[in-house]
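[1] Return a 3D structure for these sequence lines:
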Amino acid sequence: MKSLFKKSFAVSALALGITAFQPATSKAVTLEMAYMPIVPCSQLFVIEGMGWAKKAGINLKLTRFPNGPAIVQAIASGKMDVMCFGIGPAMVTRGKGIKLKVIASGIIEQIAVVAQGEFVKFVDKHGAKKAITAFAKAKGRKVKIASFPKGSVPDTVTRHWLLNMLKLELNQVELIGMGASRVQQALLSRSVDAAGILEPILTVVSEKLKGAKVIAGSKDMMPGQPGSTIAARENIIAKHRAALVKLIELHIKATKLLKKNPEKAAKHVKNFIAKGLLSEQLVLKALKSPSSNFHADPRSIVKDTQYMAQFQKSKKIKTKVSTKGLFDTSIYEEAEKNLMK
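    Model prediction:
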């Protein structure tokens with residue numbers, strides 16, 4: 001009789017849509033996620049600041065890194081499930097034979113050159129190309145240009161600017177690779193003359209350092225340059241695909257917010273970059289910068305990624321990268337469809 005009662009109750013529960021035999025909410029999925037404290041990772045900061053991830057059943061365990069190549073090292077040692085980092089490091093990771101996929105774009109045309117001190121005067125007088133040679137002749141030393149380490153997007157785009165746009169040789173300048181906070185410190189302390197870098201450093205230096213200004217925009221350096229991305233290990237995609245689809249839904253939502261209402265996003269971005277020490281007003285200005293072109297669709301950066309890869313593999317750069325199997329656009333496509341329902 002007891003068995004018959006249980007069976008009858010189970011059938012009735014199914015008919016009525018009762019979920020008594022299932023937990024009310026599924027267990028949260030924990031994802032270890034790497035990020036850099038830069039404006040191109042702003043979608044992540046909005047998602048966390050607004051509490052969207054937890055509401056979606058995703059526990060993002062965030063780890064901060066100074067630059068993309070540092071994240072590559074962590075990935076190579078078996079750490080991190082998901083990451084917000086540049087397309088350059090993503091290609092380097094793939095080039096190392098590590099199974100990783102780019103599942104969303106974060107930003108495009110993000111790199112510009114900000115200069116300070118005497119070098120600005122030379123640029124104003126001669127233009128960027130002639131300024132580099134004129135400065136070296138007048139000062140008896142090469143122009144010092146800071147960026148992220150080799151293989152990063154800022155470094156790659158800066159090298160492209162020098163080689164392909166200005167038609168100079170790399171040995172005509174002194175390129176110095178370092179982390180985000182160090183680049184900013186180097187500029188503010190006037191220990192470098194310029195930097196090929198991204199936001200918020202561009203805005204911080206332009207605002208805080210007298211005479212500093214942007215001397216080359218993203219279109220002057222590498223038009224269409226892909227920037228930050230969201231990437232995930234292939235085994236994580238296989239294991240937690242539904243959670244990643246939901247994460248990219250939130251990423252798309254955050255991208256729209258950053259573009260349409262950066263004022264609402266600024267306070268959340270502020271809490272993650274520069275350890276919250278920048279004013280909300282300055283962060284807002286960085287979000288509205290010409291170098292803050294938030295863009296979520298990975299399909300639109302495939303062609304420009306191929307171009308960047310060919311440049312990185314060229315004789316003068318010689319960075320080992322791979323784009324074979326780099327993208328998985330199906331997660332973005334599924335997220336996009338879900339948002340349309």
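[2] okay, how far is it across stretch 255-270, tip to tip?
    16 Å (CA to CA, to the nearest Å).
[3] quick one: average pLDDT of it?
    The average pLDDT for stretch 255-270 rounds to 97.
[4] Same question for stretch 155-171.
    For stretch 155-171, the per-residue pLDDT averages 98.
[5] pLDDT below threshold where in the chain?
    For the chain, applying pLDDT under 70 flags the ranges 1-26.
[6] for it, which helix is longest?
    In terms of residue count, the longest helix belonging to the chain (DSSP state H) is helix 241-260.
[7] Taking helix 241-260 as reference, get the angle to the helix or strand following that helix.
    Following helix 241-260 in sequence order, the next helix or strand is helix 262-270 (DSSP states H and E). Inter-element angle recorded for helix 262-270 and helix 241-260: 120 degrees (by axes from the mean of the first three to the mean of the last three CA atoms, to 10 degrees).
[8] got a list of what residue 253 touches?
    By CB atoms under 8 Å, 6 or more residues apart in numbering, the contact list for residue 253 reads 52, 339. For every residue, glycine as well, the C-beta is placed using N, CA and C.
[9] Quick check: it vs residue 336, distance?
    11 Å (CB to CB, to the nearest Å).
[10] likewise residue 193?
    On the measure of CB to CB, residue 193 and residue 336 end up 44 Å apart.
[11] Likewise for residue 252?
    Residue 252 is 7 Å from residue 336, by CB to CB.
[12] The two - which one has more neighbours?
    Set residue 252 next to residue 336 and count neighbours by other CB atoms under 10 Å: residue 252 wins out with 19 against 16.
[13] now what about stretch 331-341, what contacts it?
    103-104, 237, 241, 244-246, 248-249, 251-253, 296-299.
[14] again, only this time at 7 Å
    103-104, 244-245, 248-249, 252, 297-298 (CB atoms under 7 Å, 6 or more residues apart in numbering).
[15] closest to residue 36 among these?
    For the contacts of stretch 331-341, the residue nearest residue 36 by CB to CB is residue 104; the value is 15.8 Å.
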